[in-house]
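Trainee: Quick one: sequence plus predicted model below, questions after.
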Amino acid sequence: HLMRSGRPGPVLIDLPVDVQQTEIDFDIDTYEPLPVHKPRATRAQAEKVLAMLALAERPVIVAGGGIINADAADLLVELAELLDVPVIPTLMGWGAIPDDHPLMAGMAGLQTAHRYGNATLLAADFVLGIGNRWANRHTGGLEVYRRGRTFVHIDIEPTQIGRVFAPDYGVVSDAKAALEKLVEVALDEMPPDRGVWVKECQERKQTLHRRTNFDSVPIKPQRVYQEMNLTFGKDVRYVSTIGLSQIGGGQFLHVYKPRHWINCGQAGPLGWTVPAALGVAVADPDTTVVALSGDYDFQFMIEELAVGAHFNIPYLQVLVNNSYLGLIRQAQRAFDMDYQVSLAFDNVNAPELGGYGVDHVKVAEGLGCKAIRVHDPDEISAAFEEAQKLMAEFRVPVVVEVILERITNIAMGADLDAITEFEEIADAEILSRG
């Protein structure tokens, strides 16, 4: 009952041995589980929220993972369209509105965010958060994040309301129940004309993409994500954990459907990607599953590849290898350090690696899988296509290792208005290609 009620999550049940071994009389035929408790917003609360929103000139909706959990993405899109209000998904809510929807305004945050998403949130005067936590990687410094904006927070978990900061109005409700009431009220009202605001948001989205079309060798990671977008299309399910690879994925990949970005959120479980991808591939064997890892996340539980080979679970593992603990290295820049974060060494069994250390191709093959190594950016797309053929033929995980330049700094900062950008804006040609 606890596990399924409110915000779903794990529950520890500690049963002593004598309890485990005791037999009792139990009538399974008449058993009914305790009903799941989900608080529901009232119409009066929905009217209050929309009355506050109607006073705003530049409102946005922050769509959190609670919308995904509640299977309420369609209702979110319907509400956004009825109100003509741009949507900023969180990292856990990515996919609740398609990336190519006119009202998808981009993600905001310190790392897994878009330049246009941050710019739009900073320009907003009203923020309606639904099913989100105001996690610090999304908000950054609260003084900057809150300045000049009115906040409404809707969440299923009462302790989340006001936990990070006190909103101007809070509603404890399941995201789907709240969205149903909001849509019900919105259908009865005529929203103000927000055409100018929406057009401003769309203009930022069209002009503030970070550059990805790099042709250098060794390969820059941005180019890998560009090729992933061009190759895998809108139906792919991405799986990623933490590190610069995840941050780059959040900045450069595109997600179009709920549960097509499977991520550990703000947790830091190195090695999670491979077993998580296997689980996603088992849950949805008819959809291409693409996992994204840096070299250390991949090495952390690389032996799980054998599970995929054992049980014939094909998925595509993109391994962006810079032979570094890249996020830690970048964090050490502030202290003029580069200490114990390099994974590079001269492999006596694989001199062709040029000092990049572990031979991931041989390890993957030794675990019963297939693997491809790429050194040239123009060969990335062909490698992805070949990997999909190998997946279909051998029914095992296939690793595509892309040898990156050793050091690439990815945009991030401490406040939404102080993100350090290391690369220029994308050119018009790449923007036109999506």
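Mentor: That came through fine.
Trainee: Quick check: chain neighbours aside, which residue is closest to residue 274?
Mentor: Nearest-residue entry for residue 274: residue 304, 4.4 Å, with adjacent residues in sequence omitted and distances by C-beta to C-beta, 6 or more residues apart in numbering. (Glycine included, C-beta is placed from N, CA and C.)
Trainee: burial measure for residue 184, as a count.
Mentor: The tally of other residues near residue 184 (other C-beta atoms under 10 Å) stands at 12.
Trainee: Look up how far residue 47 lies from it.
Mentor: Distance, residue 184 to residue 47, using C-beta to C-beta, to the nearest Å: 10 Å.
Trainee: go on, residue 137?
Mentor: Look at residue 137 and residue 47: by C-beta to C-beta, they are 33 Å apart.
Trainee: Excluding covalently adjacent residues, which one is nearest to residue 112?
Mentor: Sequence neighbours aside, residue 250 is the residue nearest to residue 112 in space, at 2.8 Å (criterion: C-beta to C-beta, 6+ apart).
Trainee: Remind me which helix or strand the one you found belongs to.
Mentor: In this assignment (DSSP states H and E), residue 250 forms part of helix 244-252.
Trainee: Likewise for residue 23?
Mentor: Counting by DSSP H and E, residue 23 is part of no helix or strand.
Trainee: I'd assumed residue 107 was in contact with the residue nearest to residue 112.
Mentor: Yes: between residue 250 and residue 107 there is a contact at 6.7 Å, judged by C-beta atoms under 8 Å.
Trainee: overlap in contacts of these two?
Mentor: Common contacts of residue 250 and residue 107 (C-beta atoms under 8 Å, 6 or more residues apart in numbering): 91, 94, 113.
Trainee: In terms of helices and strands, where is the residue nearest the centre of the chain?
Mentor: The centroid of the chain falls nearest to residue 91 when counting by C-alpha atoms, centre = their mean (4.1 Å). In the assignment (DSSP H and E), residue 91 maps to no helix and no strand.
Trainee: Could you grab the helix/strand/coil label for the nearest residue to it once chain neighbours are set aside?
Mentor: Nearest residue to residue 91, sequence neighbours excluded (C-beta to C-beta, 6+ apart): residue 112, at 4.9 Å. Classification of residue 112 by DSSP: H, G, I helix; E, B strand; the rest coil places it in coil.
Trainee: can you check residue 223 too?
Mentor: Following three-state DSSP, the label given to residue 223 is helix.
Trainee: Over to residue 320?
Mentor: Assigned by three-state DSSP, the conformation of residue 320 is strand.
Trainee: Bridged to it, which residues?
Mentor: Here residue 320 sits in beta bridges with residue 294, residue 402, as judged by DSSP bridges.
Trainee: residues contacting it?
Mentor: Contacts of residue 320 (C-beta under 8 Å, 6+ apart): 221, 224, 245, 248, 292, 293, 294, 295, 402, 404.
Trainee: one more time with 10 Å
Mentor: 219, 221, 224-225, 243-245, 248-249, 292-295, 297-298, 326, 400-404, 408 (C-beta atoms under 10 Å, 6 or more residues apart in numbering).
Trainee: ditto for residue 2
Mentor: Residue 2 sits next to 8, 9, 10, 11, 13, 34, 37 when contact means C-beta under 10 Å, 6+ apart.
Trainee: wait, what's in contact with the fourth one?
Mentor: Spelled out, that is residue 11. The neighbourhood of residue 11, defined by C-beta under 10 Å, 6+ apart, consists of 1, 2, 3, 4.
Trainee: Could you pull out the strands in the stretch 201-350 of the chain for me?
Mentor: Secondary structure of the stretch 201-350 of the chain, counting by DSSP state E, counting those that start in this stretch: strands at 237-240, 261-263, 289-294, 316-321.
Trainee: Tell me which of those strands lies nearest to residue 167.
Mentor: Residue 167 lies closest, by C-beta to C-beta, to one member of these: strand 261-263, at 25.2 Å.
Trainee: quick one: contacts of that closest one?
Mentor: Residues contacting strand 261-263 (C-beta under 10 Å, 6+ apart): 65, 68, 89, 91-96, 112, 236-242, 246, 249-250, 253-255, 272-273, 276-277, 279-280, 283, 289, 291-292.
Trainee: Apply the buried test to these and list what passes.
Mentor: 65, 68, 89, 91-96, 112, 236-242, 246, 249-250, 253-255, 272-273, 276-277, 280, 289, 291-292 (16 or more other C-beta atoms under 10 Å).
Trainee: Can you give the distance from stretch 306-322 to the centre of its chain?
Mentor: Centroid displacement of stretch 306-322 relative to its chain, using C-alpha atoms, centre = their mean, to the nearest Å, is 20 Å.
Trainee: which parts of it are buried?
Mentor: Buried-residue list, stretch 306-322, by 16+ other C-beta under 10 Å: 306-309, 313-322.
Trainee: Quick one: mean pLDDT for it?
Mentor: The predicted model assigns stretch 306-322 a mean pLDDT of 98.
Trainee: Please consider this matter closed, and thank you.
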